[in-house]
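> what's the 3D shape of this:
(one chain, ligands or ions: 1)
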Amino acid sequence: MPIPRTLLSRDEPNDLDLRLVAGAWPDGLGGEMVLSAPHPDTFDGPHPFFGEGMLYRLSLTPGTHGAPADRFAWRQGRIDTPSARLRAKRPDVFTPTMIGVQSPFGTVNAANTAPLPWGDRLFTTWDVGRPVEVDPVTFSFLGEVGHRDQWQAFELAPQPVLPMVMTTAHPVVDPDRDVLWSVNTFFGQLHVVCWDGDGPVTTWPIEGAVIPQSVHTITQTRDWLVVGDCAFKVEPQVLTGGERTQPANHDGPLYLIRKDELEATPAGRPVGCSVFRVAPEINHYYAVYDDADGVRVLFEHTENADIAMTQRPDDLDALGRPCDPALAGLYGFPMSPDRNTVVQFDPATGEVTHRAELRDPSMLWTRQLNAMDWSAEGMAAPTSHHMVNQGWRPEAVFQRMLALYEDRVDRTEWPTEETAPLVMSCTRDDLAVTAVHEFGLDDFPTSPIFVPRDPRDPGVDGADGGDGRSRYAGRDPGGHDGWVVVPLLNDSGFRVEVFDAADVGRGPVAVLDAAGATVPFVLHSAWMPRAVPAQERPRLRFADELDRVGELDDDLAACVLEVAAEIDDGVPI
Ligand SMILES: [Fe+2]
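Below you'll find the model as predicted:
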């Protein structure tokens, strides 16, 4: 059965009220699931990853956020960023390319990749634009993080209003310092970025830290930040519409940077690092916060996949069949089985210890995204790691990719037929598989979340909520005590399936369905204990970033001033 053709449908998304159609809704399962996505009206561009940001939110308590008492609110909206507002006013001057949507204003900040909750605040991120804060209830734009002058923009063509900022879609919130750690790469030089939630961002260049490709993730321990080169390769000729000639780098540098050295160094001054190399390719990786026994990192390798390449209508797939034009724009799925490793790094000695590996060509293909316990307690001592895999999908592998990766791909590992998508759990320390549940071949599971059982009351103020727990923690943190919630895209209708995190193999304990309505491609998801209106606080105004508006033609400059006034006045897009 094929990948859902509605995956890349350009139909306008709708709010839905989902109904329980199987199982029983677990007592104590609540809070909000939030998902970032590119808006589908730009799926006809060269890459769906560059569509303007939108958010979906599924309320895990029935009868809330406008849903009838027995229904679950699925709400959605396009984020009215300055980029989105300018494009809505002057669509004629925006051009989608393989490196983003360009215009005389600069580059669209799509903010479409990952929702990042921080307490009751909600941000949405991507790799080539500043994080954007939105209202968790209405998804309306509140501000970008850090004035453009505090970041280094990658400005090959003039970007007088919309800077292209090379950063990461996965910044992290430091539970001890209550700050956001991120990165800013500038012509390959790595800078670490720190933000306290209100003021300017602070940056430090990292001595000797070069990023050959890009950074998709930063992860942390109590004392260290970990930043690796990630497998999104942009060759120079691609900037001007040329073809890729090389595969993504098979290995890359990984930098460990001490937090206390950053804190002791004035902003803008260089800070040292410890350098390691990691292979094969990486995009997502997660350190155990407690580093008393060393820096341990779980890598979800993306071996022989290429998300920087997309399928075209005239491509041939892995089996030599013509690709379906309905999938044009879909990124290159893996040509090799998934590989996950746990690696321990000793910055003092340079020693690298491979502690565990998980690789099963019979079953584990096209790992999509994971569900884990993001509470401070869960990060310090993780127990379970849940992953969604989409199965071996030859129609999402195309011959142009294979030609680049030919020497690295072992075709004898390809299953003889498509394999089922699945959700699986493994132990975090040794990656032992503890449970597997297979979906239907026509399902396309995406972006799962972990929801802790019996979380602390999010309405209680204070760092520990009066009972010693952090804001996102359940009673028994780590990832095994709670639920794994998996959205499933399917041409016959969208579903959400809920699994007991301790026993995913039992199958779903509850299923929500959209009565045949479909949902298009989405990216990352996250869990928040609640969605409440954003608080007033000092935020960056778009109007305060317009010192270069005079570089634009008069009509475009007028358009910018109009957008700035509309944002200040709260005028809808
Ligand atoms: Fe990601």
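> how far does stretch 332-347 sit from its chain's centre?
With Cα atoms, centre = their mean, to the nearest Å as the basis, stretch 332-347 stands 17 Å off its chain's centre.
> likewise for stretch 516-524?
15 Å.
> got the buried residues for the biggest helix by length in the chain?
Ranked by residue count under DSSP state H, the longest helix found in the chain is helix 554-569. For helix 554-569, a neighbour-count test (16 or more other Cβ atoms under 10 Å) marks 556, 557, 559, 560, 563, 564, 566, 567 as buried. Where C-beta positions appear, they are placed from N, C-alpha and C, glycine not excepted.
> contacts for it?
Contacts to helix 554-569, defined as Cβ atoms under 8 Å, 6 or more residues apart in numbering, come from residues 80, 82, 85-86, 89-90, 93, 104-105, 141, 161, 541-543, 546, 549-550, 552, 571, 573.
> quick one: which of the buried residues of helix 554-569 is nearest residue 398?
Taking Cβ to Cβ as the measure, residue 398 lies nearest residue 556 of the buried residues of helix 554-569, at 38.0 Å.
> break down this protein into its helices, ranges please.
82-89, 259-263, 376-380, 399-405, 554-569.
> among those, which is nearest residue 31?
Of the helices of the chain, nearest to residue 31 by Cβ to Cβ is helix 376-380, at 14.5 Å.
> how far is the closest one from where the chain is centred?
20 Å.
> quick check: buried residues in that helix?
Neighbour counts over helix 376-380 (16+ other Cβ under 10 Å) mark 376, 377, 378, 379, 380 as buried.
> distance of the last one relative to residue 168?
Separation of residue 380 from residue 168 (Cβ to Cβ, to the nearest Å) stands at 22 Å.
> over to the fourth one?
As defined by Cβ to Cβ, residue 379 lies at a distance of 17 Å from residue 168.
> for the helix or strand bottoming out on mean pLDDT in the chain, buried residues please.
Each helix and strand of the chain was given a mean pLDDT (mean pLDDT, DSSP states H and E); the minimum falls on strand 95-97 at a mean of 91. For strand 95-97, the neighbour count (16+ other Cβ under 10 Å) marks 96, 97 as buried.
> mind giving me the packing neighbours of it?
Helices and strands touching strand 95-97, by 3 or more Cβ pairs under 8 Å, 6 or more residues apart in numbering; DSSP states H and E, are strand 100-103.
> show me the contact partners of stretch 2-9.
Here stretch 2-9 has contacts from 40, 43, 48, 324, 326-330, 393, 395-396, 442, 444, 489-491, 518-521, using Cβ under 8 Å, 6+ apart.
> so which of these sit within strands?
444, 489 (DSSP state E).
> residue contacts, residue 181?
By Cβ under 8 Å, 6+ apart, the neighbours of residue 181 are 171, 172, 173, 174, 192, 193, 194, 218, 220, 225.
> going through these, which ones are buried?
Buried, going by 16+ other Cβ under 10 Å: 171, 172, 173, 174, 192, 193, 194, 218, 220, 225, out of those.
> where does the protein dip in pLDDT?
1, 461-466 (pLDDT under 70).
> give me the beta-bridge partners of the most centrally placed residue in it?
The residue lying closest to the centre of the chain (Cα atoms, centre = their mean) is residue 114, at 3.5 Å. With DSSP bridges as the criterion, residue 114 is bridged to residue 125.
> report the separation between it and residue 53.
10 Å.
> what touches both of the two?
Joint contacts of residue 114 and residue 53 (Cβ under 8 Å, 6+ apart) are 36, 124, 126.
> pick the one among the residues you listed closest to residue 365.
Closest to residue 365, out of all of the shared contacts of residue 114 and residue 53 and judged by Cβ to Cβ, is residue 36, at 24.0 Å.
> my guess is that closest one meets residue 123, correct?
No: contact criterion Cβ atoms under 8 Å: residue 36 and residue 123 do not qualify, at 9.9 Å.
> shared neighbours of the two, anything?
Joint contacts of residue 36 and residue 123 (Cβ under 8 Å, 6+ apart) are residue 115.
> ok, back up a step: ok, the residue nearest to the centre of the chain - contacts?
36, 124, 125, 126, 169, 170, 523, 524, 526 are the contacts of residue 114 under Cβ under 8 Å, 6+ apart.
> spatially nearest residue to the fourth one, not counting backbone neighbours?
Okay, so that is residue 126. residue 113 (4.1 Å; Cβ to Cβ, 6 or more residues apart in numbering).
> restricted to strands, list the contacts of residue 181.
172, 173, 174, 192, 193, 194, 218, 220, 225.
> I'd like to know which of the shared contacts of residue 114 and residue 53 are buried.
Buried among the shared contacts of residue 114 and residue 53 by 16+ other Cβ under 10 Å: 36, 124, 126.
> quick one: which of the residues you listed is nearest residue 316?
residue 126 (30.7 Å).
> quick one: the closest one from residue 116, how far?
11 Å.
> equivalent analysis for residue 472, please.
12 Å.
> counting neighbours, what do you get for the nearest residue to residue 502 once chain neighbours are set aside?
Of all residues not flanking residue 502 in the chain, residue 480 sits nearest, at 5.2 Å (Cβ to Cβ, 6+ apart). Residues contacting residue 480 under the criterion other Cβ atoms under 10 Å number 24.
> hmm, residue 480 is touching residue 499, no?
No: between residue 480 and residue 499 there is no contact under Cβ under 8 Å: 11.9 Å.
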